[in-house]
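Novice: Give me the fold of what follows.
(2 chains)
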Amino acid sequence: MSGTSNPRARGTSTGETGTPVTARRPRAARLSPADLLRTSGSGLRSRPLRAFLSALGIAIGIAAMVSVVGVSASSKEDLNRRLEALGTNLLKVSPGQSFTGEAARLPAEAEKMISRIGPVEQVSAVGKADAKVYRNDHVPAARSGGITVAAARLDLPDTTGAEVAAGSWLNEATSRYPAVVLGGKAAERLGVHRAGEDVRVWLGERWFTVTGILHEVPLAPELDYTALVGWPVAESELGFDGYATTIYTRSAENAVADVQSVLGATASPETPNETEVSRPSDALAAKEATDATLNALLLGLGAVALLVGGVGVANTMVISVLERRAEIGLRRSLGATRGQVRTQFLGESLLLSALGGVGGVLLGIGVTTGYSASQGWPGVVPAWAMAGGVAATLVIGGLAGLYPALRAARLPPTEALASA
Amino acid sequence: MSSPVIELRGVSRAYGDVTALRDAELTVGRGELLAVVGPSGSGKSTLLNIIGTLQRPSSGTVLIDGHDVSALTDRELSALRAQSIGFVFQQFHLAAGTPVLDNVADGLLYSGRSRAERRRLAEAALRRVGLGRRLLHRPHQLSGGEKQRTAIARAVLGDPPLLLADEPTGALDSASGENVMALLRELNAAGTTVLIITHDRDIAAGLPRAVHLKDGAIVRDERREALPA
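Specialist: Below you'll find the predicted structure:
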C-alpha cells in the first residue's frame, strides 16, 4: 500500500524474529455524501413495499397533523376575509336589564347622543314592538314561531351590512304603511319565499305586505329572526313606544375601542352600567375560537398516529438489521468501519421517515385544499406546519433508527458472515 | 527483501474453554498461492477470520501486509481490509437486485475512490474475469460460477496484495469450480497472494503449498516445487 494519504507514520516495531516492520497506519476513508445516500437507500430500494408501508405509517400521522393545522388555518383565513368584508367597526348597544331585573330602556335621545361621538360614522336602530307575526289569520296565536317584530330605521341595512335577497328595503313611503321586510330565517319560518304586493303576513292583528326579504346578516344575526316594519307605522298601528332597543353604530376603524368604551355611558348617561355594548365581529371570532379544543384533540390524535408510525419504522429497522446480517458482515469485510455501518442504518431510517414526512405533508396539503374547497374557504397550510412536519419525522426517524443502527454497528463481522 | 504478506507468531484463539486455534505459526510471502486445508472444526474459519482481521487472536502476533494487527484500532483494521485484503466467500454475498457492475464497484466503496473510478475499475475487473458482457445483469441471472467470478472481481478490484477465498468452489459444480480455481491461479500469476481455505484435499493437492490444520493446530506445511499439469 502506498498510503500516500497518511501523514502519520507508525514507529518501527521489532518483532520476535528481529525483522523490523515499518508501516504507515491505514486510515479509513470517508464516504462521500452521495455514496452515503446511495448506501442508505440501498435497503429501501431492495424492499420497496416494506419501505412504502413503513413510510405510509409516518405519512398518515403527518398528514393528519398538517391537515388539522391547515383546515383550522384555512377556516381562520376565511373568517378574516369575511370580517374584512363585513368590517369589524360595528358596535351594538342594548338596554340590558335594570338593577331590579326588569328590562331597561334606552333614553329616547340615545341615538342622537351616540351620533355626536366624534368617530361614529353611522347610527341606526331597531325598536322591539309588542306584536306577533303569522303566515295568515288562521294560525293559532301561540304559534308565533319565535319571530320578533321590530321597528327599523331606514338606514339599518347600511349600518349592519344587511342585504336584500328579494324585493326591496323599506323607504320613506312604505315605512308609513303596513309593509314588512322579513329577516332570512323569519321568512323561512313563515313559509314566505318571495316578496311582492300580493304576499302578505298577519302581523299585529292586521295584514302587512311583504316588500322584501333579507339575506342572513352575519354581524347582526338577531335580525334574521325579525320582521322589520317602518318606525312610523309601528308607532301608529302596533302600539310601539318609540324607544330603540338596539342601536347599531359604525365608527372609524382606529377608534372602535374608544367608541366602545364610551358607548354605554353616552346611550344611557343615568344608568350606564345597565347597557350592554358588544362588538359582533368579536363574537364571530370567538365562535371560531371555540373550535380550538377540537383542533387540539385532532392534533393529539395525529401525534399518536405519528408515534405509531415511528414505532413502525423502528420495527422495520430492527427486522432489517436482523435480516441483513450477511450484508453487514460483507460490508465490514469490504472495509466499512463500525461508524459507517451505523451511519448507513441511521441514514436508512431517516430516509424512510423523511419519505413519509414529505408524503404526509403533500397528503395534508391535499386534504386541506380539498376540504377548504368544499367549504368555499381559501386553502391555507402554514409554512411552519410543513417545516414542522418534516422536522418531526426526522426526529422520529433518528430515534427509531438509533437502536437498530447501534446494533448493526456492534455486530461482529465474523458472526454476521457466519449467519448467511 | 519485502516483508511477508501474512506472518503469524504463536497465534491462539479461544472461545471460552474451547481453543479453536493453538499456537499457529505461519509465514506467507508475496506472490504465494496456498491452501489451508482441514476437516470442519479444525480451526480453518478461525484462521481465516484472524488473517482477514475480522477477529483478533487471544494471544500471539499477527502481521498483515506489514501491519501489526494488535496495534491497530477497529477503525484502522477496517481501513486495512479496505486497502489490502480481498475476500471471496462460499455463498458469494452479492447484493440481490443490484447490477453486477455496481456489485463489483462496491468492492471499493470504502476505499475513498470516486464512484466513477470504482465503476471504471469494476468494468475492467469484470472483463478480466470474463464477464465483460454481463455488466448490467442482476446476480439472479447468473450461474453459480459466474456469481463467484463476480465476487472475485469485487475482491481484486483494488488490486489488494492479499486475496482470501473461503471455500470458493464449495457451492459450485465441478466444472464451474475448476473454472474458478483457474481464475484464482491466473490472478496469482499476475502477482496477487492467494490463500484458499478448503476442506477439499484435491484442491489443496493442486496448489504449490498446502497448510494442514487439525483440531486447531497446524500439523503439516507441504510445499511442492513442480505442479502436476
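
Novice: ranges for the helices of chain A?
Specialist: With DSSP state H as the criterion, chain A has helices at A:33-46, A:48-86, A:110-115, A:156-160, A:184-190, A:231-237, A:256-267, A:280-289, A:292-323, A:325-333, A:338-375, A:383-410, A:413-418.

Novice: just chain B next, same as before
Specialist: Using DSSP H, helices in chain B cover B:44-51, B:74-84, B:100-105, B:115-128, B:144-156, B:174-189, B:201-205.

Novice: Which among these is found nearest to A:Ala152?
Specialist: Nearest to A:Ala152, of all the helices of chain B, is helix B:115-128, at 80.9 Å by C-beta to C-beta. Where C-beta positions appear, they are placed from N, C-alpha and C, glycine not excepted.

Novice: What helices and strands are in contact with that closest one?
Specialist: helix B:100-105, helix B:144-156 (3 or more C-beta pairs under 8 Å, 6 or more residues apart in numbering or on different chains; DSSP states H and E).

Novice: okay, now the closest residue to B:Gly112 other than its chain neighbours: neighbour count?
Specialist: Computed as C-beta to C-beta, 6 or more residues apart in numbering or on different chains, the closest residue to B:Gly112 that is not its neighbour in sequence is A:Ala29, at 2.7 Å. Counted with other C-beta atoms under 10 Å in any protein chain shown, the neighbours of A:Ala29 add up to 20.

Novice: hmm, back to that, of the helices and strands packed on helix B:115-128, which approaches chain A most closely?
Specialist: Across the helices and strands packed on helix B:115-128, chain A has its closest neighbour in helix B:144-156 (8.0 Å, C-beta to the nearest C-beta).

Novice: who does the residue nearest to A:Asp158 when sequence neighbours are not counted bridge with?
Specialist: Distances taken as C-beta to C-beta, 6+ apart place A:Gln122 nearest to A:Asp158, at 6.3 Å, with adjacent residues excluded. Beta-bridge partners recorded for A:Gln122 (DSSP bridges): A:Arg250.

Novice: who's in contact with stretch A:43-54?
Specialist: With C-beta atoms under 8 Å, 6 or more residues apart in numbering or on different chains as the test, stretch A:43-54 has contacts from A:309, A:312-313, A:315-316, A:320, A:324, A:345, A:348, A:351-352, A:355-356, B:95-98.

Novice: would you list the helices of chain B in CSV and tack on mean neighbour count and mean pLDDT?
Specialist: Shown next, in CSV, are the helices of chain B (neighbours: other C-beta atoms under 10 Å in any protein chain shown; pLDDT from 0 to 100):
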stretch, mean neighbour count, mean pLDDT
helix B:44-51, 24, 94
helix B:74-84, 23, 94
helix B:100-105, 24, 96
helix B:115-128, 18, 95
helix B:144-156, 25, 95
helix B:174-189, 17, 94
helix B:201-205, 16, 91
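
Novice: Nearest to A:Ala162 among those would be which one?
Specialist: Of the helices of chain B, nearest to A:Ala162 by C-beta to C-beta is helix B:115-128, at 71.8 Å.

Novice: what is the orientation angle of the closest one with helix A:33-46?
Specialist: Per axes from the mean of the first three to the mean of the last three C-alpha atoms, to 10 degrees, the angle that helix B:115-128 makes with helix A:33-46 is 60 degrees.
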